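> could you look at this predicted model? Sequence included:
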Number of protein chains: 2
Amino acid sequence: MSVTAAKGFTAAGIAAGIKENGNPDLALVVNNGPRRAAAGVFTSNRVKAAPVLWSEQVLKSGQVSAVVLNSGGANACTGPKGFQDAHATAEKVAEVLGRGAVEVAVCSTGLIGLLLPMDKLLPGVETAAAQLSEHGGEKAAIAIKTTDTVHKTSVVTKDGWTVGGMAKGAGMLAPGLATMLVVLTTDAGLENDVLDEALRAATRTTFDRVDSDGCMSTNDTVLLLASGASGVTPDHAEFAEAVRQVCDDLGQQLIRDAEGASKDIKIEVINAATEDDAVEVGRSIARNNLLKCALHGEDPNWGRVLSAIGTTRAAFEPDRLNVAINGVWVCKNGGVGEDRDKVDMRYREVHIVADLAAGSETATIWTNDLTADYVHENSAYSS
Amino acid sequence: MSVTAAKGFTAAGIAAGIKENGNPDLALVVNNGPRRAAAGVFTSNRVKAAPVLWSEQVLKSGQVSAVVLNSGGANACTGPKGFQDAHATAEKVAEVLGRGAVEVAVCSTGLIGLLLPMDKLLPGVETAAAQLSEHGGEKAAIAIKTTDTVHKTSVVTKDGWTVGGMAKGAGMLAPGLATMLVVLTTDAGLENDVLDEALRAATRTTFDRVDSDGCMSTNDTVLLLASGASGVTPDHAEFAEAVRQVCDDLGQQLIRDAEGASKDIKIEVINAATEDDAVEVGRSIARNNLLKCALHGEDPNWGRVLSAIGTTRAAFEPDRLNVAINGVWVCKNGGVGEDRDKVDMRYREVHIVADLAAGSETATIWTNDLTADYVHENSAYSS
C-alpha cells in the first residue's frame, strides 16, 4: 500500500528510460488534499545534491503538493546545470498537475557527477502523471530502487487515520541519514510544526541509527506529507509514535537489504553516562572494519569490540567493561568472560551488548558485516 | 641492520614457542650505553594492553636498558594477571642482563584476550639473551612479525651518528598509531627531552597519518633508545629530521604490506584553512569504504571523494572543491572536470589530491584499498 495507504494520495511508477536497462526509474506521489502540510529531513552531508538544495527550498514554502523521484542518476556534483534540471523537473510536474513548482519536491538517486537525461525525464513525468492512481504506491516504491533487491513499504493504521511510506536504500547507510529516499504520507489533519516534530524525533532514533558502512550520501531525503483527508486530528504523541513505527520498520528493511551483507548486527550500548556516549560508542563499534570482518567469519571477537570502545571519548573505565555476543558475556570487567565457544553465530542476526558500567542511558545502532560481496558490489562497477 | 645499526646496541630474535607454528616470536633489544636515554609514544586507544601500561611506567623512570618484544599474543584485555605477566617478563630480562626491571620496556602483539604462555616466554628470554649480537637487528625484526609478509627495517646514517629501526604491522593501521610495534635506536648523545620532541614530531606526520583501515590497536608502541656510543651530539633539528626519515620509511613499508591490499593510496589535501582541517579531510577520505572499494576496482570515483569531504567540519565551499586522481583533475569547482577516462589506474600507487580552496595548509594521509582479500584475512581466522 505504501504511500497511497493514507487517503488523499495518488502515486505512479514508470520506466522513463533514465536507466539503460529499461527498469522503472521515475515515481510521482501527489497529495490531493484537502491539506498539503509537510515536513522534511535532509542529508547532513555538506556536499548536497541539486534535488536536495531544491527540496529544502520547497519545504520552506510551507506546503508540498507532490514529490517526483528518479533512480538512475543522483544529480549530485552537477553544478548550476544540475540545479536547473531539478528546477525544470519540478516545473514540469507543476505544469501537468496545475500547481506551483515551489510546491513540488524532487529526489534523485544513482551515480554522482552525471547530468540527468532530461529528454527522457520530462516526458516521463507526463507518462507518470497519466497513470496516477490510489493504488499506485507499490509501483512508486519499485521505481525508486537502485541496487535494492526488494522494494520497501510500511503502513500503520490507527483509529480512522493512517501513516504509510516507501523507502529505497541498500548499503551506503549511515548516520545523518542513510543513503536513502523515504516518502511518508498520512491522512491525519496536522500542521507542519507537528509533522516536523514527529519526523525529527522518529528519524533520530531510527534511520539515524542505521549505520551500514559509515558512508553518508549527498542525496538523503525523508519527506512526510499530510493530506488531512481522514478528517481526524490524532493525539500528537500517538501520531509521533505511528511515524516512529513506520520509520523503524523501513529502517530494518534497509539493513536487511544492505549490499553484500550476510549478517544484520544489532549493537545495544547500555549503562552509558549519557545517550550521546551510547550513540558514539555504538557507532564506533558499528564502523570497525576488523570487527565487521570477524562477525562475517562468525568469530565472536570481543577484543575488537573493546578496541573500538577505546577509541571513543565516552565515560567508562576499561576494567569495568562487559560485552555480550548473542547472549553470552564473553567479556567481563575488561577481560575474558564466559567461554566464547558458547556463542552461537549461525544466524543472520547478531546481537552485541556493550555495557559501559557508567550510568543508565542506552542506544541501539544497527549495522552489517563486511563481506567480499560488499567489496565486489562496490568495486566491480560505478555506483 | 635495523636496531643494531647504531653503536651501543645488541639484539636477538628467536622462536620461544609462543606461536604454535614454530616461527620466531621473541625479540630482545639491549642498549649497552654509555647512555640509556629514551622516549616513547603509545596507542591513544583508551583500552591499553598490559605491556603498554607497563612500558608507560618504564618510560617515566627516565632510562631504558632493554626492550623485549613478543609476537603470538597481545596480552590485551587480560586483567591483573596480564599485567603481572608483563611485569614478570621485564623482571626476567632484568635478571639476565643485570639491570633493573624498571628499565625494561615490554611490547606484545597478537590476539587480544589470551594470556601469554609464560612457561615458554620466560625460558625464551634466556635463549634470546644468550644470542645477543651487534648483528642481531635483522633477526629481531623477523621475530616481531605477525601477518606481515616481510620484516621492516630502516637506517639513516649522518656524520658519525646513526638512527635505525624496525617495525611490525600489516593492516589495522590507524591514527593514534597504526597497530604496530616500532623500536628505533641511535648512538647520538642526546637527552630524553630532545629524543621525546623528535619522536613526537616524527610520529605526528608519519605513523599517525598512515590510516589503512581506521582501526586503532590496544598495543601500539614506538620507542626511541639512545646509547650515546657515537660520542657525537648532533644538531637537534638535524637529528629530528633523521628520526622523521626513518619513521616515514617504516610507515611506507607498513602501508605497502597492509593485509590484502592491492593499492597504496596517497591522499594529499591542499589549500586547507588549517592543518587540522587538512588532516580531518584526509582521514575522512581514507576511511570511506565505498571509495576504497571503487579504487580497488580501478574506478576513479571522485563523487565518493566529495561525499567524504562533505561529512567533515573543515572550512570549504562545495562549489569550489577540486579533486585530481593520478594527475587528472576529474572534479573542478565541485562538478565534473576533465574526462575520467584519462585517469590511468593500472599501477599500485594511487594519488588523490583534494583541493579545498580555503587556505594554504596541507597534509598527506596514506591508506589502502578495500579488497575481498582483506575481508578474507580478517574473517577466516581470529587475529
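Right, received. Where do you want to start?
> quick one: low-confidence parts of the stretch 251-383 of chain A?
A:380-383 (pLDDT under 70).
> what residue in it comes nearest to chain B?
Closest residue of the stretch 251-383 of chain A to chain B, Cβ to the nearest Cβ: A:Gly303 (2.7 Å). Placement of C-beta: from N, CA and C, glycine included.
> quick check: which element contains that residue?
Secondary structure assignment for A:Gly303, by DSSP states H and E: helix A:302-309.
> and the residue nearest to A:Asp277 when sequence neighbours are not counted, how many neighbours?
Once flanking residues are discounted, A:Asp277 sits nearest to A:Ala314: 3.8 Å by Cβ to Cβ, 6 or more residues apart in numbering or on different chains. Per other Cβ atoms under 10 Å in any protein chain shown, the neighbour tally for A:Ala314 reads 24.
> quick one, what contacts A:Ala314?
Each residue near A:Ala314 by Cβ atoms under 8 Å, 6 or more residues apart in numbering or on different chains is listed here: A:Ala272, A:Ala273, A:Asp277, A:Ala278, A:Glu280, A:Val281, A:Leu356, A:Ala358.
> same question, A:Ala12
Here A:Ala12 is in contact with A:Ala27, A:Leu28, A:Ala128, A:Ala129, A:Gln131, A:Leu132, A:Ser133, A:Gly136, A:Lys139, A:Ala140 (Cβ under 8 Å, 6+ apart).
> at 7 Å instead, please
A:Ala27, A:Leu28, A:Ala128, A:Gln131, A:Leu132, A:Ser133, A:Gly136, A:Lys139, A:Ala140 (Cβ atoms under 7 Å, 6 or more residues apart in numbering or on different chains).
> the one helix or strand the last one maps to - contacts with which helices or strands?
In this case it means A:Ala140. Secondary structure from DSSP H and E places A:Ala140 in helix A:137-143. Of the remaining helices and strands, those touching helix A:137-143 by 3 or more Cβ pairs under 7 Å, 6 or more residues apart in numbering or on different chains; DSSP states H and E are strand A:9-14, strand A:26-31, strand A:152-157, strand A:162-168.
> before we move on, back to that, neighbour-wise, which one of the contacts of A:Ala12 leads?
Going by other Cβ under 10 Å, A:Ala27 tops the contacts of A:Ala12 with 33 neighbours.
> hang on, isn't that one packed against A:Leu69?
Yes - in terms of Cβ atoms under 7 Å, A:Ala27 counts as a neighbour of A:Leu69; the distance is 4.5 Å.
> overlap of the contact sets of those two?
A:Ile144.
> per-domain residue ranges of chain A.
A:2-256, A:264-379 (automatic domain parsing).
> okay, the ones you listed in JSON lines with distance to B:Gly297 next?
Listed next are those as JSON lines, based on distance: least, Cβ to Cβ, whole Å:
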{"stretch": "domain A:2-256", "distance to B:Gly297": "14"}
{"stretch": "domain A:264-379", "distance to B:Gly297": "3"}
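> between these, which gets nearest to B:Ile267?
Of all the domains of chain A, domain A:2-256 sits nearest to B:Ile267, with 16.0 Å by Cβ to Cβ.
> report the next helix or strand after the one helix or strand A:Cys331 maps to in sequence order.
A:Cys331 belongs to strand A:328-332 when assigned by DSSP H and E. On the C-terminal side of strand A:328-332, the closest following helix or strand by DSSP H and E is strand A:335-336.
> counting contacts, what elements does the very next helix or strand once past that next one pack onto?
Remark: after strand A:335-336, the chain's next helix or strand is strand A:349-355, criterion DSSP H and E. Using 3+ Cβ pairs under 7 Å, 6+ apart as the contact criterion, the elements in contact with strand A:349-355 are strand A:264-272, helix A:275-286, helix A:302-309, strand A:322-325.
> next SSE downstream of the longest one?
Just to be clear, that refers to helix A:275-286. Per DSSP H and E, the first helix or strand lying C-terminal to helix A:275-286 is helix A:289-296.
> angle of that next one against helix A:302-309?
Using axes from the mean of the first three to the mean of the last three Cα atoms, to 10 degrees, the direction of helix A:289-296 lies 150 degrees away from that of helix A:302-309.
> near chain B at all, helix A:289-296?
Yes - shown here: helix A:289-296 in contact with chain B (Cβ under 7 Å from any Cβ of the partner chain) through A:Asn289, A:Leu290, A:Cys293, A:Ala294, A:His296.
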